[in-house]
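[1] Following is a predicted model, sequence given first.
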Amino acid sequence: MELDPLLLSRIQFAFVVSFHAIFPVFTIGLASYIAVLEGLSLKTGDPVWEKLSRFWISVFAVVFGMGVVSGIVMSFQFGTNWSNFAQASANFLGPVLSYEVVTAFFLEAAFLGVLLFGRDKVPRGVHFFAAVMVAVGTFISSFWILSANSWMQTPAGVELQNGMFRVTDWGEAIFNPSFIYRFLHMGLASFLTGGFVVAGVSAYYLIRGRDVAANRRALSMTLWLLLFLSPAQLFIGDMHGLNTLEHQPTKVAAMEGNWERASGVPLLLFAWPDQDAQENHWEVGVPKLASFILTHEWDGEVPGVAEVPREEQPPVGIVFWSFRVMVGLGLLMIGFAFYGLWLRLRGRLYDARGFLQGLRLMTIAPFVAVLAGWFVTEVGRAPWVVYGVMSQAEGLTPSLSGGMALFTLIGYVLVYAVVFTAGMYYLTRIIQAGMSEETAAEPSGGRPKRPFSAAHTPFDETAESAR
């Protein structure tokens, strides 16, 4: 069987990006939460806030380390698998990705060590400032990365000359038509992810009666956050959808499973898209609701996938179901947030065991929703690497063989399996240890040189005894 280097390269990039995406979306929200905890600790002097901060800094250290390791190889793929695209887009993507390193990564690197290991070595105000700078750095990083990705979705401010993108307007290129919606959408997703993880872990400890005072505070403040941000995400998502309808109508048609342009299109709750037949099977939907959501008119016109040639159509089934997974989990998050308010008003928030167990299970929900959203975004752009301008086949490395693409794909899967296993081992130890003074304290003896050493393990004990 002949191996298709284009298909394997697409699978490889999808795997690497999906694996990496779950870490920044968590650390962005968690870094801001830690900065809030540090601010409350500095202002009030209450040791409970410091206790919470120590614990979540340990979690942040491990997840941040996993994110850095998993993200390094993404840039290499542009050169190994997508060299034509890398060369063509170098005038824009090269500077943008460099700005991310200079303005965000250096900022995070400068203050991360102070945040992780400087609590008792620098003034408390400096430690709080370090927490704020790390949080700001994560947002600056997401700004540049999302600008680059949004440009690939809605290219602007460039001209294609002799196979090279020439920047004609940096403002238009960076702040391209879809950027602000994607940035807001991902920012809220990061806060929701951090909020549900904190709420789920706090619920886990409350069920077991561990560090009750601290975890009640953590659960209470995160549920207030989720109460406001989960409906806000629905509103921002609607605005993002309208923007996508304007600039990427075929993607929206795939999201809705709509094959022919029509008015009064139903919102399909269930269907089985058949790309070969260009139709759906077993449709179950709400009449005219898709038209109303997308155009705000009951008889509004919705584009169809079949309006473009088959070779320009995205894989409709993946986009269709990924969109429903994302929206379904988003509605579930809203339900949990409002049910938490109802329990709070009845004075049962910390005693409703079923709700607390549900929050534990919801810890994974935002990660799945983020991945589903990325599938909609990236798969829905297919077959374009730069939407409407450069196809994925045109961006592929010409000399790349199917065997080499398969070899690197297997290598990434194996390496990432090791990274994920090691990271989960550290995270499991941190969660099991809880917020006791011994485990929450920074490593003693010597100077830590790695973020994972913020999670005290037998490895650290062996290293300390050997010194």
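    Done, it's in.
[2] Buried residues, stretch 199-208. List them.
    Buried residues in stretch 199-208, counting neighbours by 16 or more other C-beta atoms under 10 Å, are found at A199, G200, V201, S202, A203, Y204, Y205, L206. (Glycine included, C-beta is placed from N, CA and C.)
[3] Please list all residues in contact with I11.
    Neighbouring residues of I11 by C-beta atoms under 8 Å, 6 or more residues apart in numbering: L409.
[4] Please identify the helix or strand for it.
    helix 5-21 (DSSP states H and E).
[5] Check which residues of the helix or strand just after that helix are buried.
    Downstream of helix 5-21, the next assigned helix or strand under DSSP H and E is helix 24-44. Buried positions in helix 24-44, judged by neighbour count with 16+ other C-beta under 10 Å: 24-38, 40-42.
[6] Could you find the closest non-adjacent residue to A365?
    Closest residue to A365 apart from its sequence neighbours, by C-beta to C-beta, 6 or more residues apart in numbering: L329 at 5.0 Å.
[7] Of all the helices and strands in this structure, which has the lowest average confidence?
    Ranking every helix and strand in the chain by mean pLDDT, DSSP states H and E puts helix 437-440 at the bottom, with a mean of 47.
[8] L409 reaches V16, doesn't it?
    No - judged on C-beta atoms under 8 Å, L409 makes no contact with V16 at a distance of 9.2 Å.
[9] from the chain's centre, how far out does the longest helix seen in the chain sit?
    Of all segments of type helix in the chain, defined using DSSP state H, the longest is helix 212-247. Relative to its chain's centre, helix 212-247 lies at 14 Å (C-alpha atoms, centre = their mean, to the nearest Å).
[10] Show me what secondary structure element comes after it.
    helix 249-256.
[11] average pLDDT for that following helix?
    Averaged across helix 249-256, the pLDDT comes to 96.
[12] just the strands in the stretch 301-450 of the chain please.
    Per DSSP state E, counting those that start in this stretch, the stretch 301-450 of the chain carries strands over the ranges 301-302, 384-386, 390-391.
[13] Ok, the stretch 101-250 of the chain next?
    Going by DSSP E, counting those that start in this stretch, the stretch 101-250 of the chain shows strands at 158-161, 164-167.
[14] Any regions of this protein where pLDDT drops low?
    By pLDDT under 70, the weakly predicted segments of the chain are 1, 436-467.
[15] middle-most residue in this protein, spatially?
    V25 (3.6 Å; C-alpha atoms, centre = their mean).
[16] Contacts only, for that one.
    For V25, the contact set (C-beta under 8 Å, 6+ apart) comprises M186, A189, S190, T193, P366, F367, V370.
[17] Can you name the residues that contact the closest residue to the fourth one other than its chain neighbours?
    Leaving out its chain neighbours, the residue that sits closest to T193 by C-beta to C-beta, 6+ apart is P366, at 3.9 Å. The neighbours of P366, taking C-beta under 8 Å, 6+ apart as the test, are V25, A189, L192, T193, F196, V197, L329, M333.
[18] can you count the residues close to the fourth one?
    Right, the one you point to is T193. Close neighbours of T193, defined as other C-beta atoms under 10 Å, add up to 24.
[19] Please give the element, helix or strand, for L268.
    Using DSSP H and E, L268 sits in strand 267-274.
[20] Show residues contacting that strand.
    256-257, 280-286, 289-290, 293, 316-317, 320, 324.
[21] ok so, going back, can you check what angle separates the longest helix of the chain from helix 249-256?
    Computed with axes from the mean of the first three to the mean of the last three C-alpha atoms, to 10 degrees, the direction of helix 212-247 lies at 130 degrees from that of helix 249-256.
[22] Please, where are all the helices along the stretch 351-467 of the chain?
    353-362, 365-379, 392-395, 402-433, 437-440, 458-466 (DSSP state H, counting those that start in this stretch).
[23] ok, and the closest non-adjacent residue to E307?
    For E307, the spatially nearest residue (C-beta to C-beta, 6+ apart) is R261, at 6.1 Å.
[24] I'd like the distance from the one you found to W384, if you could.
    Using C-beta to C-beta, to the nearest Å, we find R261 at a distance of 20 Å from W384.
[25] before we move on, what about L371?
    From L371 to W384 the distance is 21 Å (C-beta to C-beta).
[26] T138 too?
    In terms of C-beta to C-beta, T138 sits 29 Å off from W384.
[27] what's the answer for G71, then?
    Applying C-beta to C-beta to G71 and W384 gives a distance of 24 Å.
[28] ditto for S18
    S18 is 19 Å from W384, by C-beta to C-beta.
[29] between these two, who's got more neighbours?
    Neighbour totals were compared for S18 and W384, and W384 leads with 21 against 14 (other C-beta under 10 Å).
[30] Quick check: closest non-adjacent residue to that one.
    Leaving aside its sequence neighbours, W384 sits nearest to S391 (C-beta to C-beta, 6+ apart; 5.8 Å).
[31] Which one, of the strands of the stretch 101-250 of the chain, ends up nearest to Q77?
    Minimum separation from Q77 across those (C-beta to C-beta) falls at strand 164-167, 18.8 Å.
[32] Brilliant, that's me finished.
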